[in-house]
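In: here's a sequence, model it:
(one chain, ligands or ions: 1)
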Amino acid sequence: GFAQLCKGLQGGRGPCCLLLLLSCAKQQSYLLLPCLAAVGFLTVSSVITMSAPFFLGKVIDVIYTNPSEDFTDSLSSLCALLSGIFLCGAAANATRVYLMQTAGQRIVKRLRTTLFSSILKQETAFFDKTRTGELINRLSSDTALLGRSLTENLSDGLRAAAQASVGVGMMFFVSPSLAAFVLSIVPPLAVLAVIYGRYLRKLTKMTQDSLAEATQLAEERIGNIRTVRAFGQEMAEMQKYTNKVDYVLQLAKKEALARAGFFGATGLSGNLIVLSVLYKGGLLMGNAYMTVGELSSFLMYAFWVGISIGGLSSFYSELMKGLGAGGRLWELIERKPQLPFNEGITLGKSTFRGALEFKNVEFAYPTRPEASIFKDFSLSIPAGSVMALVGPSGTGKSTIVSLLLRLYDPISGTITVDGFDIRQLNPLWFRTKIGTVSQEPILFSCSIAENIAYGAEDPSTVTAEEIQKVAEIANAASFIRDFPKGFDTVVGEKGILLSGTFLFYPKKILLLQSEAKILALDAENEYLVQEALDRLMEGRTVLIIAHRLSTIQNADSVAVLGQGKILECGKHEELLANPNGLFRKLMQKQAFLQNSDAFALDVQSGENNLLKENVRENV
Ligand SMILES: Nc1ncnc2c1ncn2[C@@H]1O[C@H](COP(=O)(O)OP(=O)(O)OP(=O)(O)O)[C@@H](O)[C@H]1O
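Out: You can find the predicted model right below:
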């Protein structure tokens, strides 16, 4: 609803949408009281501000026309009274500004928390399609823009509108003929200013758009600095960026010229208007139609009206910016995730055993629907067994893990856990039952203890003893204690590649992405890591994307993936016995077999070759 409201307001259906906006504010009771108080203070301060020129005119008249004996007394008491009134006006205005600013900050806080939780609930495909920078922008600047626009800017705008209309009314009250004269010259100038303002806005938008392009280029290149460096493209990228910012500079120069002209012209026309008012007012005064105090009041009102109109135009542009931001924000806040976040059934301890099955699954990534990854893919992993998954690079091994975690849904076919379609299960619950180890090291810049607790079902309840125990199981405790701050060591920007990349709580289902890559992270402690892995896998349903011969040999069964489906599945020896089998060919290719007949395995060199191959593949 709010998104449409913002679009409506931008499309010019102003008044009715403003009413709707106020009714939105009414629903947010935490805003209602400060807003009402602010409107009260706004009225007081505006009334005082707008009566000031009238009374100041009276003071001038007193000075000019009453040189009587008690002149000094009456002048000082009048000034004292006016100072008191002005003080009240200033206090009311300051309170209004304070109330509106704090209300704005509260709106921003609410918007940010709502938006962040809405973003985190979106399905994974959404993040494939949306750039992180864009989301961060929504979260930081769009929220601030909208908050300001709805509070401070709105109250400044109301104040400017009230002052402009009261000012015009008072100008007519003080001198109708002079007011009519001024109003006959201002509107044509205003029309010219509006046309010029539009042209300026168009230029500003072009500058901002080209700056956004340059920033996107910089963001991508810095984010992928390894690729840029690997291809030695630094100089070319510098040139590309320079070209982009050169274009921004050209546009900015054009904009600066236009702005300079605009401000020069407005300054000149303002002075000419004042001069013509003085001229016409001087004539009126000469004919005794006006007093000097009245002319002064009139000038002050004209001055206020000018300032207020300026305020109104910046109010309008700020409002439009805020509404643009609001439209974008609400689209995101109201976006329904395409996969459920926290709905569905949970299985009891006795039902949940961890048997996994894919049946005739067809899948393609939503961002590349034409590139089919699986067609008629079926695979069954009995509860408590270890399945090693092998296959050439890019065949979709990691995708299987993503599907099991329900990061994506298959196009057709089913994935079941203990006979339950995972689409029936609550994804949030289900994921807490799965232990995953990805190739990425621990990522969050908090302490090692906090990172370990992250793997628990409820991190807030994990005790220090439990954390130490988990680290012991992973053979990582002594290694962590060697750090000066032990478990409190802060994991910096991927700085510490913990061998405990798999420091997680033993869950019923384990999905391990490439033990070779994990082990390659910490070759020194390879034996310890392997031992910890074996211990963790015991009695659990494990799917491991395997690259090491020992892992393949120890698994209960091996599945060979290729052409979008499982081509072979069985025990290691059975698969190897098939002379025309893909598994055998794969093993041969990876230099496991020293000659084609004898299974004369040099395990150590075979593993080393495989590891080298993996490293090459990764590079
Ligand atoms: N988020 C994604 N969006 C679109 N395509 C993707 C995405 N992730 C992976 N792919 C593509 O899907 C295919 C399978 O990728 P996947 O990572 O599952 O293969 P893999 O067998 O695990 O490869 P590797 O052994 O190299 O890690 C690849 O062609 C890859 O480019």
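In: helices and strands around the host helix or strand of A260, which ones?
Out: Element membership for A260, per DSSP states H and E: helix 234-286. Packed against helix 234-286 by the contact rule (3 or more CB pairs under 8 Å, 6 or more residues apart in numbering; DSSP states H and E) you find helix 176-223, helix 292-333. For glycine as for every other residue, the C-beta is placed from the backbone atoms N, C-alpha and C.
In: what angle do the first one and helix 234-286 make?
Out: Angular relation of helix 176-223 and helix 234-286 on a 0 to 180 degree scale: 170 degrees, by axes from the mean of the first three to the mean of the last three CA atoms, to 10 degrees.
In: and after helix 176-223, which helix or strand comes next?
Out: Trace forward from helix 176-223 with DSSP H and E and the next one is helix 225-230.
In: list the contacts of that next one.
Out: 221, 234, 237 (CB atoms under 8 Å, 6 or more residues apart in numbering).
In: related to what we said a few turns ago, pick the most buried one from the helices and strands packed on helix 234-286.
Out: Comparing the helices and strands packed on helix 234-286 on average neighbours per residue, with mean count of other CB atoms under 10 Å, the densest one is helix 292-333 at a mean of 20.
In: I'd like the mean pLDDT over that helix, please.
Out: Averaged across helix 292-333, pLDDT comes to 86.
In: which positions in this structure make contact with the ligand?
Out: Contacts of the chain with the ligand, taken as CB under 6 Å from any ligand atom, map to 128, 365, 367-368, 373, 391, 393-399.
In: what subset of these is buried?
Out: Buried members of these, counted by 16 or more other CB atoms under 10 Å: 365, 373, 391, 395-399.
In: okay if I get these as JSON lines plus distance to R201 and pLDDT?
Out: JSON lines is the format used below for these (distance: CB to CB, whole Å; pLDDT from 0 to 100):
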{"residue": "Y365", "distance to R201": "40", "pLDDT": "94"}
{"residue": "I373", "distance to R201": "47", "pLDDT": "93"}
{"residue": "G391", "distance to R201": "56", "pLDDT": "86"}
{"residue": "T395", "distance to R201": "52", "pLDDT": "89"}
{"residue": "G396", "distance to R201": "49", "pLDDT": "90"}
{"residue": "K397", "distance to R201": "52", "pLDDT": "89"}
{"residue": "S398", "distance to R201": "47", "pLDDT": "88"}
{"residue": "T399", "distance to R201": "47", "pLDDT": "92"}
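In: now for the residues you listed, which pair is the farthest apart?
Out: The most widely separated members of these, counting by CB to CB, are Y365 and G391 (17.4 Å).
In: which ones among the residues of the chain next to the ligand map onto strands?
Out: When DSSP state E is applied, those are split such that I373 fall in strands.
In: how near is the closest residue to E152 other than its chain neighbours to L42?
Out: Spatial nearest neighbour of E152, excluding adjacent residues (CB to CB, 6 or more residues apart in numbering): M100 at 4.8 Å. Computed as CB to CB, to the nearest Å, the M100 to L42 distance reads 9 Å.
In: what about these two, which has more around it?
Out: Using other CB atoms under 10 Å, the more surrounded residue of M100 and L42 is M100, with 25 against 22.
In: for the ligand, give me its nearest residue in the stretch 501-619 of the chain.
Out: I545 (6.6 Å; CB to the nearest ligand atom).
In: just grab the bridge partners of that residue for me.
Out: Beta-bridge pairing of I545 under DSSP bridges involves L389.
In: burial check on it, number of neighbours?
Out: 22.
In: now D246
Out: D246, neighbours per other CB under 10 Å, totals 12.
In: same thing with E123?
Out: Quick note: E123 (other CB under 10 Å) scores 19 neighbours.
In: got the phi and psi for it?
Out: phi -70, psi 160 (degrees, to the nearest 10).
In: surely it meets R335?
Out: No: with contact defined as CB atoms under 8 Å, E123 does not reach R335; the gap is 10.0 Å.
In: for the stretch 351-500 of the chain, give me the ranges with low pLDDT.
Out: 437-444, 492-500 (pLDDT under 70).
In: quick one: the helices in it?
Out: Residue ranges of the helices in the stretch 351-500 of the chain, as given by DSSP state H, counting those that start in this stretch, are 397-404, 427-432, 448-453, 464-473, 477-481.
In: for stretch 46-54, buried residues please.
Out: 46-50, 52-54.
In: check stretch 401-411 too.
Out: Along stretch 401-411, these residues count as buried under the neighbour rule (16+ other CB under 10 Å): 401-410.
In: and for stretch 119-136?
Out: 119, 121-126, 135.
In: three-state assignment of the residue nearest to V560 when sequence neighbours are not counted?
Out: Sequence neighbours aside, E568 is the residue nearest to V560 in space, at 4.3 Å (criterion: CB to CB, 6+ apart). Look at E568: counting by DSSP: H, G, I helix; E, B strand; the rest coil, its state is strand.
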